[in-house]
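In: Prediction below, plus the sequence it came from.
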Amino acid sequence: MSLRLYNDKEIKKQLTREEILKELEAMANISSWEIDLITNKSTWSDQSYKIYALEKQTTTPSIELFYSFLIKEDLAKAQAAFANLLTNKKTISFECNIIDANGIKKHLLMYAKIIFDKEDNPLKMIGTTQDITEISTLRRGLSEFSKVMHNSLNEIYIVDYNTQKYLYVNSGACKALGYTKKELLKMTVYDTNPYLTLEEVTKLKKQYNQNNEVLLIRALHQRKDKSTYHAQSYIHSIHYKDKKAYVIFDTDITDLIKLEEKIKHQATHDSLTSLPNRALFNDRLSQIIKSSKRNNKNFALLFIDLDQFKKVNDSLGHDIGDKVLKIASSRLERSIRVDDTLARLGGDEFIIILKDVIEISDISKVCFKIIKEIKKPILVDGHTLYISASIGISKYPKDADNEKDLIKYADIAMYKAKNCGRDGFEYFSTPLSSSAYKKTLLDNSLRIAVKEDQFIVYYQPQYNIGTKQISGFEALIRWRHPKDGLIYPANFIPNAKENGLIIEIDKIVMKKAMKQFSTWHKKGLNPGTLALNLMMKQLNKDDFIPMLIQTMKDLDFNSKWLELEVKECQVMDNPQNSIKKLKKLSELGVKIAIDDFGTAYSSLAYLQKLPLDKLKIDKSFILNLLSSEDDKAVTKAIIALAQSLNLKIVAEGVESESQKEFLQENGCNDVQGFLFAKPLPANKITTLLYEIKENR
Ligand code: C2E
Ligand code: MG
Ligand code: MG
């Protein structure tokens, strides 16, 4: 369709009324026609010929010609409409389809009416024919679209912007919600979205008005039967029947939400045990720090590592290892409250947040429970396995008030528990001596400890692999701190040496251990030799030997039961003096052992002159015995040296069967280490000695 624009002047000067009409007809694709009812002659405007694709010159217009273009289905309709005109004096209109002279299908809109004379006799039939093919295609598309929309499985709603009432719902919406269309049209969005609040709707509207973009929200819909499902909604603003409204396209995303939750669970949980993983644990820890800060609460972190798990994994395979981990994790879960968090950090490491702990004894109780649970035999695939757990504890806010340090300190404490013989728990205690302030604090507490008798003695057996007998026990000090629990020598002996309290402390240990030994003897038990750790500084004191003699006498302790351990470095510090002092002791019948042998540079000449009975190979060589060729060589050399000097030899820190086998093969039968027993309190040793006695 083309339109030529004329200016006013042109219109007035050049165009007749007929010409303007012609232009307008072409513009609207509309034609006019008339039939003289007297002569039956038809006249068509130029546009009419174009609609039928006919040549004006060669065509004689007639109603029959028009009928001939109509498709079969529309012919009767058109004839009836025209016939009706004479009786019904109104304008008629109808739509019909033709195939034009070029074979193109067209959709026409016809208007027609009869003109009568004054006597009411019909004169003319006049009418218009408009080619509305384009509009009709569009209209058909729209109607098909709305049919599809209506029958769509997706939920479509049109909602009144002001009242939130449903103005339109499609069948998908009815099906999803379980209401009929009639029911829904009486309801508002609040009835089907029970969790939607007025505030939320207001917020949504505001957001919508500001951006005028399509909104995407997720909501929980409630069906007629009160069950719910998750839906995702696209919301567009429209005008519907002259009302401001919005159209909502909803999809049920319950499955998607489930999948999302599953993926989220996978990202935050350990796949083997289903426990929270490190990421989720970190999250929970930071939450609990925040809430504890707010509410002034305490909590404890328990870092747990399974002992011997690597052995299980290596010797029986990962399948069994996995089963053991699962069992261990459910045992851990059983040991805590539902409010506490248990997470797997990876491998055989677990971590627990114990909430609201007030007393240290509460934490200890949980640890005892865990240790007991984990120790129970594990039956998997026909194997009965035994594992244990080492636990390190840090406390909020006492030890630290941030995630990083709390985890680090619990980890450090866990290693301490491992070093102290595993199958136990340790509280984190600040590395004492790290600052002058802490040093002073420690010095003061040590002084109080001496005064208030806070020290106890543990005993670790020395065992002969050949005879399978215990030859004696080494006395090892422990500090039972009223607040920090059990403290190990490494954390206070260096300070005690520095401030001189070690002299006093060693006397306390000596008396306690000697008293214990004579008690055992009096009970008819045989604990063998008592090995006491003593400082050369102590032996150098003039009053030491008289004091020793007096103590032994007071406590009915036989000097033959005693062995004094002196560190190699201290002996070799002033070897001449050491020879003199140690000889005096030896003359009393006391045995002398050199402790931590291999760590200082002993001169062979002095070694020969010292009144020695025993060398104790330092545990640092035993620790890496199997992996380090150097340590193997040193150990062999020390054994050979002891043999050549006719000295007994004891290996310290024996933790594994393979270390034991190596030592045995190389001629060292006396061992001390966690493989046989860790240092134990006196009551445990009493039980052990009774067992030995009974089995004899
Ligand atoms: P030490 O005299 O060499 O004692 C042996 C240490 O090795 C003990 O540590 C013992 O628990 C540990 N140990 C034993 N078997 C194993 C094992 O299989 N693996 C490992 N990793 N360690 C093992 P503890 O009881 O912590 O004592 C540390 C040190 O503190 C002692 O080393 C000793 O030098 C000193 N000490 C302990 N008690 C006293 C005491 O009453 N007086 C003095 N002056 N020093 C003491
Ligand atoms: Mg020792
Ligand atoms: Mg040692």
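Out: Yep, it's here. Ligands and ions are numbered 1, 2, ... in the order given.
In: Residue of the stretch 251-400 of the chain nearest ligand 3, please.
Out: Ser390 (21.4 Å; C-beta to the ion). (C-beta placed from N, C-alpha, C; glycine too.)
In: Give me the pLDDT value at the residue nearest to that residue when sequence neighbours are not counted.
Out: Counting by C-beta to C-beta, 6 or more residues apart in numbering, Ala417 is the residue found nearest to Ser390 once chain neighbours are left out, at 4.0 Å. pLDDT for Ala417: 85.
In: tell me, how many neighbours does Ala417 end up with?
Out: Neighbour count of Ala417, defined by other C-beta atoms under 10 Å: 26.
In: Tell me if it really is in a helix.
Out: Yes - read with DSSP: H, G, I helix; E, B strand; the rest coil, Ala417 is one of the residues of a helix.
In: which residues touch it?
Out: Listed by C-beta atoms under 8 Å, 6 or more residues apart in numbering, the contact set of Ala417 reads Ser390, Ile391, Gly392, Gly424, Phe425, Glu426.
In: from what I can see the second one touches Leu301, true?
Out: No - here Ile391 lies out of contact with Leu301, judged by C-beta atoms under 8 Å, at a distance of 10.3 Å.
In: Could you look up the SS state of Ala593?
Out: strand.
In: Show me what it is bridged to.
Out: Glu565, Lys614 (DSSP bridges).
In: Need the pLDDT of it.
Out: Reading off the model, Ala593 has pLDDT 96.
In: Kindly report the same for Glu155.
Out: 91.
In: Which helix or strand contains Thr128?
Out: Per DSSP states H and E, Thr128 falls inside strand 122-131.
In: Ser361 now?
Out: Assigned by DSSP H and E, Ser361 falls in helix 360-375.
In: Which SSE is immediately downstream of that helix?
Out: strand 378-380.
In: Tell me the buried residues in stretch 550-569?
Out: For stretch 550-569, the buried set under the neighbour-count rule, 16 or more other C-beta atoms under 10 Å, comprises Met552, Leu555, Phe557, Trp561, Leu562, Glu563, Leu564, Glu565, Val566, Lys567, Glu568.
In: Intersect the residues you listed with the contacts of ligand 1.
Out: With C-beta under 6 Å from any ligand atom as the criterion, the members of the buried residues of stretch 550-569 in contact with ligand 1 are Glu565.
In: which one of the buried residues of stretch 550-569 is nearest Glu694?
Out: Ranked by distance to Glu694 (C-beta to C-beta), those are led by Trp561 at 22.0 Å.
In: what's that closest one in contact with, if anything?
Out: Taking C-beta under 8 Å, 6+ apart, one finds Phe517, His521, Pro527, Gly528, Thr529, Leu530 in contact with Trp561.
In: likewise Gly424?
Out: Ile371, Ser390, Ile391, Ala417.
In: so the residue sitting furthest away from the middle of the chain is in which element?
Out: Residue farthest from the centre of the chain, counting by C-alpha atoms, centre = their mean, is Glu119 at 96.9 Å. Under the criterion DSSP H and E, no helix or strand holds Glu119.
In: Let me know the distance separating it from Lys113.
Out: 18 Å (C-beta to C-beta, to the nearest Å).
In: Tell me how many other residues crowd whatever residue of the stretch 201-350 of the chain ends up closest to ligand 2.
Out: Closest to ligand 2 within the stretch 201-350 of the chain is Asp307: 23.7 Å, counting by C-beta to the ion. Around Asp307 there are 21 other residues, counting by other C-beta under 10 Å.
In: Do I have it right that it meets Ile387?
Out: Yes - with contact defined as C-beta under 8 Å, Asp307 counts as touching Ile387 (6.2 Å).
In: and for stretch 82-95, what are the contacting residues?
Out: Under C-beta under 8 Å, 6+ apart, the answer for stretch 82-95 is 63, 77-78, 81, 107-114, 116, 122, 125, 132, 136.
In: in that stretch, what counts as buried?
Out: Those would be Phe82, Leu85, Phe94, for stretch 82-95 by 16+ other C-beta under 10 Å.
In: Mind listing the residues bridging to the residue in the stretch 201-350 of the chain positioned nearest to ligand 1?
Out: Nearest residue of the stretch 201-350 of the chain to ligand 1, counting by C-beta to the nearest ligand atom: Asp307, 12.3 Å away. Taking DSSP bridges as the rule, Asp307 bridges to Ser388.
In: Next one: it relative to Lys365, how far apart?
Out: 21 Å.
In: OK, contacts around Phe544?
Out: Contact analysis of Phe544 by C-beta under 8 Å, 6+ apart lists Gln538.
In: next one: Ala328
Out: Leu306, Asp348, Phe350, Ile374, Ile378, Ile387, Ala389.
In: The nearest residue to Asn624 once chain neighbours are set aside sits in which helix or strand?
Out: Closest residue to Asn624 apart from its sequence neighbours, by C-beta to C-beta, 6+ apart: Asp631 at 4.9 Å. Following DSSP H and E, one finds Asp631 within helix 629-644.
In: Write a ChimeraX command that selects only the buried members of the contacts of Trp561.
Out: Per 16+ other C-beta under 10 Å, the buried members of the contacts of Trp561 correspond to this ChimeraX selection:
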select :517,527,528,529,530
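In: Report the two of the contacts of Trp561 separated the most.
Out: His521 and Thr529 (12.2 Å).
In: could the contacts of Ala328 go into CSV alongside pLDDT, neighbour count and distance to Phe662?
Out: Output for those, formatted as CSV (pLDDT from 0 to 100; neighbours: other C-beta atoms under 10 Å; distance: C-beta to C-beta, whole Å):
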residue, pLDDT, neighbour count, distance to Phe662
Leu306, 93, 21, 26
Asp348, 93, 21, 26
Phe350, 97, 27, 33
Ile374, 94, 23, 30
Ile378, 93, 18, 29
Ile387, 90, 21, 25
Ala389, 93, 29, 28
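In: separation between Asn313 and Asp348?
Out: Going from Asn313 to Asp348 by C-beta to C-beta gives 8 Å.
In: sorry, back to before: the residue nearest to Asn624 is in contact with Lys619, isn't it?
Out: No - applying C-beta under 8 Å, one finds Asp631 not in contact with Lys619, separated by 10.8 Å.
In: pretty sure Thr341 is in contact with Leu275, am I right?
Out: No - at 9.1 Å, Thr341 does not count as touching Leu275 under the criterion of C-beta under 8 Å.
In: near ligand 2 too, which of the buried residues of stretch 550-569?
Out: The subset of these within reach of ligand 2, by C-beta under 5 Å from the ion, is Glu565.
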